[in-house]
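Novice: need a 3D model of the sequence below.
(one chain, ligands or ions: 1)
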Amino acid sequence: MSEPKTLRVMVGLCLDDDRILITRRPDDTHLALKWEFPGGKPEGDEDNHAALQREFLEEVGLTIEVGRLFHEKVFTYPERRVHLFFYLVRTPIPQALSLRQVADAKWVPFSALVDEDFPPANAELLDCLRRDQPRFSA
Ligand SMILES: Nc1nc2c([nH]c(=O)n2[C@H]2C[C@H](O)[C@@H](COP(=O)(O)OP(=O)(O)OP(=O)(O)O)O2)c(=O)[nH]1
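Specialist: Next up, the predicted model:
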């Protein structure tokens, strides 16, 4: 059987002191109702940063600054393979959430990430976040 195509997915770890933003996937998509970090696939010839900035505006209505790449993971689901790029991001000024294309969103303390139901591809990242709570850096 041929290898599945690998989808490149840009994901933002949006930091606010000891809190991080998580979103919940809609009920009609892959990994329905799992909690995750906002992001998605680049469109057209978008670069990684531009894709992340667009996804944050579309999903949670936030204008973000993109910092360093914190973690990468290639993971094969039965339906697709994803290459996840997890970037540190922040909002330059406080902004209210405005939700579209997500079932829910919330700011959670790092210590509460363990309580949420994330996709299996995020397990290694969550271990890293528990070991080393990152601070935003460009
Ligand atoms: N945004 C995001 N996606 C994640 C995370 N962990 C994880 O496995 N994924 C997967 C879920 C999806 O298969 C893929 C993200 O693609 P997407 O959100 O643009 O795709 P989708 O399935 O909603 O929509 P589509 O393919 O029908 O266009 O990456 C995460 O933390 N954040």
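
Novice: list the contacts of the residue lying closest to F118 once chain neighbours are set aside.
Specialist: In space, and not counting its chain neighbours, F118 is closest to W35: 5.5 Å by CB to CB, 6 or more residues apart in numbering. C-beta: built from backbone N, CA, C; applies to glycine. With contact taken as CB atoms under 8 Å, 6 or more residues apart in numbering, W35 is in contact with I22, T23, R24, R25, E116, D117, F118.

Novice: does W35 have beta-bridge partners, and which?
Specialist: Per DSSP bridges, residues listed as beta-bridge partners of W35: R24.

Novice: about what we covered before: which ChimeraX command selects the buried ones in the contacts of W35?
Specialist: Here is the ChimeraX selection string for the buried members of those, based on 16 or more other CB atoms under 10 Å:
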select :22,23,24,25,118
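
Novice: who's in contact with the residue positioned nearest the centre of the chain?
Specialist: Nearest to the geometric centre of the chain sits F37, at 2.8 Å (CA atoms, centre = their mean). Shown in contact with F37 (CB under 8 Å, 6+ apart): V11, G12, L13, C14, I20, L21, I22, T23, F86, N122.

Novice: give me the contacts around the longest helix seen in the chain.
Specialist: Determined from DSSP state H, the single longest helix within the chain is helix 48-60. Defining contact as CB under 8 Å, 6+ apart, one finds that helix 48-60 is touched by 10-12, 14, 21, 23, 38-43, 46, 62-64, 66, 85, 87, 89, 97-102, 105.

Novice: also stretch 129-138?
Specialist: Identification of contacts with stretch 129-138 by CB under 8 Å, 6+ apart yields 13, 15, 18, 20, 65, 67-68, 70, 88-90, 110, 113-114.

Novice: what of stretch 6-17?
Specialist: Under CB under 8 Å, 6+ apart, the answer for stretch 6-17 is 20-21, 36-42, 48, 51-52, 55-56, 62, 64, 66, 70, 74, 80-91, 107, 129, 134-136.

Novice: out of those residues, who's near the ligand?
Specialist: Under the cut-off given by CB under 6 Å from any ligand atom, the ligand has E36, F37, G39, G40, K41, R80, V82, L84 from those close to it.
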